[in-house]
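Student: predicted structure and sequence below. I'll ask about it afterward.
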Amino acid sequence: MKANWKFPQVAALLGCLLASSGVAVVQAQAVGARPVEGEGQILNVMDFGAVPDPTSAHGDYTLEFSEDYGADLTMDWEDIAKKLVNKAATEVRRLLCRVGPQAPKAPPGIDIEANLNAINAALAAAQPGDTVLIPDGYIFSTLGGVMAINLTDVTIDIAGSLNFIQDNDLWPRSNDTFTYQSGIRVGDYYLPGFSLWGCQHVTVTCSSSNKAQATLSDNQQEIKLATPQQLFGGMLNGNGQRWWYEVLFMCFNFDFIANPTWSHNPRPRLAYVMESEYILVEKITLVNSPYWSFSLDGNHLEVSHVDVVIDTSFQTSVVQVHEYVQHEHMGVSREDANPFYSPLLPAPRSTSPYRGQNVNHFATPVLPTPSLPTWKQVWNGIRYGGAWYLAGQALSELLGHNPLALNTDGIDPCGHDIYIHDGIITNSDDSIAVKPSRQNLPEWSILPNCTTDIVISQMTLSGFGASIGSVPPRTDVNCVDGVHFKDIYMPYTGRGIYVKSNGNDCQPPNKDDVKPTAIIKNILYEDVTMLEPQWWPIWIGPQQQQQPGDSLGLKCSLLYPIQDWCPSPDCATFENIALKNIHIQYNRIEKSLKDIALWPWVGSIQGNVTFPNMESVTFSEVSAKPINFLRPTLPWPFRVKGVKRSYLDCVGVQQGVQYETKPKTECLTIVNTPPILPAGDDDTSGVSDDGGENNDEL
């Protein structure tokens with residue numbers, strides 16, 4: 001049996017992990033468009049009728065973030081309150097959905113539907129060897145639904161920029177005209193802004209010398225867009241602000257009431273490679289996606305020098321406005337929605353802050369706070385203890401003002417043989433989330449039955465995790481097998497390493513069905529540095545997905561362990577999970593108990609206690625190094641279940657070892673010699689040995 005792995009580090013990883021399997025490793029074909037006989041054509045979208053914005057000349061265009069959307073969110077909320085009096089909840093929501101940040105409009109004279117049709121016409125006309133060109137120096141405002149379908153050996157050069165304009169009536173949906181979709185992700189939604197479907201050997205690139213890109217500051221702590229008023233080549237601008245507002249205030253529910261086949265959350269992904277093979281996407285910058293930024297469902301894919309930037313400051317402010325409206329004008333108690341809310345504790349700084357240019361925070365309403373705590377707060381203080389309660393409030397405030405619910409993932413790969421490298425992502429959900437594949441896919445799907453052979457290297461991530469999953473148990477077996485994260489830098493990230501299954505009672509839906517199963521195996525995190533992680537630096541276990549105010553069910557609470565409920569399904573198995581050379585740095589000088597209490601634990605390993613579901617967990621040279629004398633050794637001084645711990649939990653693990661780990665974990669056996677680990681090859685100089693391109697010059 002032979003498997004084709006394109007990248008040598010994947011071969012080394014899988015070769016070590018599966019040495020006894022008899023799998024032979026060979027080189028695969030190069031990704032991207034291949035040379036063809038004769039000269040291909042340049043298909044300029046302007047020749048097909050696309051009209052650029054009049055302000056497209058270099059230097060005239062400024063990429064604005066929050067300031068464009070401020071006026072409608074600084075409205076007179078007292079005046080709004082008068083309109084809400086004696087109105088039913090549905091009427092309240094209809095009113096709120098008519099206000100808030102408004103989607104940007106196309107410039108006068110620009111027909112966004114005509115531009116979409118023109119760009120798609122150019123893509124449809126492409127033959128092997130051709131290049132479809134979004135010309136340099138121009139911005140094209142368009143609807144989403146730009147699609148390359150069944151192309152082979154074609155280059156798509158986004159030298160200019162695509163500016164996606166939200167129009168809920170005109171933006172095409174998957175059940176309108178087009179029925180294509182991924183075998184993994186099905187259902188009704190707005191079509192992605194830009195997508196490939198059924199393509200082979202296609203290159204998506206940017207030839208502009210004025211390329212938009214994210215940069216890391218000289219002190220290695222801040223991520224921002226580099227001079228966006230001059231650099232915008234290769235940009236896909238999703239203009240997600242209005243989309244975020246509408247999903248938070250449940251505005252899409254009115255569409256659902258009118259048409260029950262529609263989704264409650266139909267927001268489009270910004271970019272999507274679906275059911276495609278041998279694809280190279282490089283030198284592209286994705287900005288403010290309405291939903292997940294970049295999904296990959298395919299085989300033999302490479303993503304090189306692709307950046308993702310989300311305006312998290314705006315997202316946090318929208319969440320605060322939502323909280324204010326819910327509490328003040330819709331009769332929702334803040335204490336009921338969030339039992340750990342306290343007027344005594346100010347919110348900590350937001351996690352993974354957007355530190356871009358041209359950001360003016362709009363004024364959010366000042367949340368009224370009672371002068372004395374409520375009985376519920378007093379009872380919680382008695383029940384949990386003073387310092388513990390302060391930690392709970394800090395966590396609650398952190399989560400309450402963080403826009404996790406807006407679900408703007410960075411890059412989400414699913415499939416076989418995928419290489420993601422040399423990119424920068426700043427967002428407020430999973431920065432990278434390796435998604436599972438499964439059995440019983442549609443016959444037309446090219447995806448494997450398990451996501452395999454994924455390499456992510458040389459990435460800067462500031463969001464909520466270098467993640468696996470979530471991988472929920474299913475009767476057709478969700479599976480991820482063989483992932484290598486290497487050379488990852490995570491400044492001020494919300495989460496760090498995040499390997500997650502999902503809540504499930506492990507009972508088949510019907511008595512004759514097989515038991516649901518999830519498989520997570522052969523995962524290696526190597527050479528990862530986190531600077532000031534705001535929440536869990538390391539979490540291996542069920543996904544924390546239940547949010548304050550929602551019913552728990554079988555979900556792990558976001559407030560765990562303050563809210564002591566986090567079931568780990570025994571039908572989700574974790575095998576061969578290895579962490580090597582992981583460095584967690586805390587540099588700040590804590591000035592108060594609130595600062596110290598912001599997050600006390602290095603990590604948690606949440607296996608199933610009754611039926612251990614984790615096997616071969618290895619920590620090698622995993623360290624947390626606080627600089628402040630108030631946190632010298634990082635066991636937290638609070639007592640949890642009578643035990644002082646740096647790792648909150650370490651349970652459900654069989655055959656786990658640790659080497660040179662500081663602080664120690666409790667359920668991993670200490671060894672004095674370096675354990676044998678899956679080792680990735682450091683050679684990432686090219687995509688293959690037969691014509692791939694090295695892009696280290698960027």
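Tutor: Perfect, I can see it now. Numbers count the residues shown, from 1 in each chain.

Student: only C-alpha atoms for contact and neighbour calcs from this point on.
Tutor: Fine.

Student: now the strands: where do they sit in the stretch 151-300 of the chain?
Tutor: With strands called from DSSP state E, counting those that start in this stretch, the stretch 151-300 of the chain shows them at 152-158, 161-164, 194-197, 200-205, 214-216, 223-225, 235-237, 271-282, 285-287, 294-304.

Student: partners of the third one in the sheet?
Tutor: What it means is strand 194-197. Paired neighbours of strand 194-197 in the sheet (DSSP bridges): strand 146-149 (parallel), strand 271-282 (parallel).

Student: adding mean pLDDT and distance to D111, write the strands of the stretch 151-300 of the chain out as CSV.
Tutor: Output for these, formatted as CSV (pLDDT from 0 to 100; distance: least, Cα to Cα, whole Å):
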stretch, mean pLDDT, distance to D111
strand 152-158, 98, 20
strand 161-164, 95, 12
strand 194-197, 97, 18
strand 200-205, 98, 25
strand 214-216, 86, 30
strand 223-225, 80, 28
strand 235-237, 94, 17
strand 271-282, 97, 22
strand 285-287, 95, 22
strand 294-304, 98, 26
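
Student: could you dump these to TSV with distance to C571?
Tutor: Below are those laid out as TSV (distance: least, Cα to Cα, whole Å):
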stretch	distance to C571
strand 152-158	41
strand 161-164	42
strand 194-197	33
strand 200-205	36
strand 214-216	41
strand 223-225	39
strand 235-237	40
strand 271-282	29
strand 285-287	37
strand 294-304	25
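
Student: which of those sits closest to A118?
Tutor: Closest approach to A118 among those (Cα to Cα): strand 161-164, 12.9 Å.

Student: mind giving me the packing neighbours of the closest one?
Tutor: Judged by 3 or more Cα pairs under 8 Å, 6 or more residues apart in numbering; DSSP states H and E, strand 161-164 is in contact with strand 139-142, strand 235-237.

Student: and N115, what element?
Tutor: Secondary structure assignment for N115, by DSSP states H and E: helix 112-125.

Student: just give me the neighbour total for F140.
Tutor: By the measure other Cα atoms under 10 Å, the count of residues near F140 is 26.

Student: can you pull the contacts of it?
Tutor: By Cα atoms under 8 Å, 6 or more residues apart in numbering, F140 lies in contact with 50-53, 115, 160-163.

Student: rewinding a little: can you redo the helices and strands packed on strand 161-164 as JSON lines with distance to V247?
Tutor: Listed next are the helices and strands packed on strand 161-164 as JSON lines, based on distance: least, Cα to Cα, whole Å:
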{"stretch": "strand 139-142", "distance to V247": "22"}
{"stretch": "strand 235-237", "distance to V247": "19"}
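
Student: quick check: which of these is buried the most?
Tutor: Of all these, strand 139-142 has the most neighbours on average by mean count of other Cα atoms under 10 Å, namely a mean of 27.

Student: what strands flank it, and is each parallel or antiparallel?
Tutor: strand 161-164 (parallel).

Student: kindly export the strand it pairs with (C-alpha atoms) in PDB.
Tutor: Presented in PDB, the C-alpha positions along strand 161-164 are these (Å, rounded to 0.1, in the frame of the first residue of the first chain):
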ATOM      1  CA  SER A 161      -8.600  43.700  -4.700                       C
ATOM      2  CA  LEU A 162     -12.100  42.300  -4.300                       C
ATOM      3  CA  ASN A 163     -14.400  44.300  -2.100                       C
ATOM      4  CA  PHE A 164     -17.500  42.200  -1.100                       C
END
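
Student: what lies in contact with that strand?
Tutor: 134, 136, 138-144, 193, 232-239.

Student: mind showing which ranges of the stretch 551-698 of the chain have poor pLDDT?
Tutor: 551, 562, 587-600, 626-645, 678-698 (pLDDT under 70).

Student: hmm, back to that, quick one, which of the strands paired with strand 194-197 is packed in tightest?
Tutor: Mean neighbours per residue, mean count of other Cα under 10 Å, is largest over the strands paired with strand 194-197 for strand 271-282, with a mean of 26.

Student: quick one: contacts of that strand?
Tutor: Residues external to strand 271-282 that are found in contact with it (Cα under 8 Å, 6+ apart): 29-33, 181-183, 192-206, 293-306, 445-447.

Student: can you report phi and psi for the residue lying closest to N239 once chain neighbours are set aside?
Tutor: Closest residue to N239 apart from its sequence neighbours, by Cα to Cα, 6 or more residues apart in numbering: N288 at 5.5 Å. The phi/psi pair for N288 (degrees, to the nearest 10) reads phi 50, psi 60.

Student: thought N288 was touching Q241?
Tutor: Yes. Using Cα atoms under 8 Å, N288 is in contact with Q241, at 7.3 Å.

Student: quick revisit: from the contacts of strand 271-282, list just the buried residues.
Tutor: Taking 16 or more other Cα atoms under 10 Å as the criterion, what is buried in the contacts of strand 271-282 is 29-33, 181-183, 192-206, 293-306, 445-447.

Student: for the helix holding N115, C-alpha coordinates in PDB please.
Tutor: Provided in PDB are the C-alpha atoms of helix 112-125 (Å, rounded to 0.1, in the frame of the first residue of the first chain):
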ATOM      1  CA  ILE A 112     -22.100  44.800  -7.900                       C
ATOM      2  CA  GLU A 113     -24.300  42.100  -9.500                       C
ATOM      3  CA  ALA A 114     -22.900  43.000 -12.900                       C
ATOM      4  CA  ASN A 115     -19.400  42.900 -11.600                       C
ATOM      5  CA  LEU A 116     -20.000  39.400 -10.100                       C
ATOM      6  CA  ASN A 117     -21.300  38.100 -13.400                       C
ATOM      7  CA  ALA A 118     -18.300  39.600 -15.300                       C
ATOM      8  CA  ILE A 119     -15.700  38.100 -13.000                       C
ATOM      9  CA  ASN A 120     -17.500  34.700 -13.100                       C
ATOM     10  CA  ALA A 121     -17.600  34.900 -16.900                       C
ATOM     11  CA  ALA A 122     -13.900  35.400 -17.100                       C
ATOM     12  CA  LEU A 123     -13.400  32.400 -14.800                       C
ATOM     13  CA  ALA A 124     -15.800  30.300 -16.800                       C
ATOM     14  CA  ALA A 125     -13.900  31.100 -20.000                       C
END
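
Student: and that helix, what does it pack against?
Tutor: So helix 112-125, by 3+ Cα pairs under 8 Å, 6+ apart, packs with strand 139-142, strand 146-149.

Student: recalculate using a threshold of 10 Å.
Tutor: Applying 3 or more Cα pairs under 10 Å, 6 or more residues apart in numbering; DSSP states H and E, one finds that helix 112-125 contacts strand 42-44, strand 131-134, strand 139-142, strand 146-149, strand 152-158, strand 161-164.

Student: understood, closing this out.
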